[in-house]
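Trainee: No letters, just coordinates:
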């Protein structure tokens, strides 16, 4: 019979985390699990590919928002600093919804930043700070690229009767992007605050 002190050591060992675990991929990127959501595998596969591209570009857009939020300058600093952070928060919500949709379809959501960087269609900005109008224009160009992808994906998911994905892309993603474009574009209108 083990002593009481040996028993306590055994109990402590049972609570020790099993660190440095290694294994293999249980599902490779680009493959599907069969989930009972009444959509055929071809439809789900196409939707996963479309959403993953939008997701990759949305991750990059989020990071552009954070970068420009930090590097904002000039007399509209405060307003734009807050606006860009608000937009970044809304992009995070989209990222989560898009990633969860890929998982719901049985796919693997793109997530690793290095993988995202390989897949994104958004051009890489310079590492340093740029002038405010350039940063805003860069954000608008990224939005426009994603909106173009969204419109294609919306048409394809509607044709494939993937209503769940279509609803997400229309009611959440497209409308968020369009509204953010409006708010950004108004900052590039050259109009005086007062007339002399």
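Mentor: Arrived safely, thanks for sending. Not measured: the values here are computed from a predicted model. Numbers count the residues shown, from 1 in each chain.
Trainee: Any regions of the protein where pLDDT drops low?
Mentor: In the prediction, the chain carries residues with pLDDT under 70 at positions 1-13.
Trainee: what's the following helix or strand after the longest helix anywhere in it?
Mentor: Under DSSP state H, the helix in the chain containing the largest number of residues is helix 41-71. Sequence-wise, the next helix or strand downstream of helix 41-71 (DSSP states H and E) is helix 77-104.
Trainee: And for the helix or strand following that following helix, what's in contact with it?
Mentor: Next in sequence after helix 77-104, counting helices and strands by DSSP H and E, comes helix 113-119. Residues from elsewhere that reach helix 113-119 (CB atoms under 8 Å, 6 or more residues apart in numbering): 29, 52, 53, 56, 59, 60, 110. For the C-beta atoms, the positions are set from N, CA and C on the backbone; glycine is no exception.
Trainee: Same list, those residues, but as JSON lines with neighbour count and distance to residue 23 please.
Mentor: Shown next, in JSON lines, are the contacts of helix 113-119 (neighbours: other CB atoms under 10 Å; distance: CB to CB, whole Å):
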{"residue": "29", "neighbour count": "14", "distance to residue 23": "16"}
{"residue": "52", "neighbour count": "24", "distance to residue 23": "23"}
{"residue": "53", "neighbour count": "18", "distance to residue 23": "28"}
{"residue": "56", "neighbour count": "25", "distance to residue 23": "25"}
{"residue": "59", "neighbour count": "26", "distance to residue 23": "25"}
{"residue": "60", "neighbour count": "24", "distance to residue 23": "29"}
{"residue": "110", "neighbour count": "24", "distance to residue 23": "20"}
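Trainee: Quick one: list the elements packing against the longest helix of the chain.
Mentor: For helix 41-71, the packing partners by 3 or more CB pairs under 8 Å, 6 or more residues apart in numbering; DSSP states H and E come out as helix 77-104, helix 113-119, helix 132-159, helix 163-167.
Trainee: repeat that for 6 Å
Mentor: Here helix 41-71 is seen to pack against helix 77-104, helix 113-119, helix 132-159 when contacts are counted using 3 or more CB pairs under 6 Å, 6 or more residues apart in numbering; DSSP states H and E.
Trainee: Format those as a markdown table; extra columns: distance to residue 175 and mean neighbour count.
Mentor: Output for the helices and strands packed on helix 41-71, formatted as a markdown table (distance: least, CB to CB, whole Å; neighbours: other CB atoms under 10 Å):
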| stretch | distance to residue 175 | mean neighbour count |
| --- | --- | --- |
| helix 77-104 | 10 | 17 |
| helix 113-119 | 23 | 13 |
| helix 132-159 | 10 | 18 |
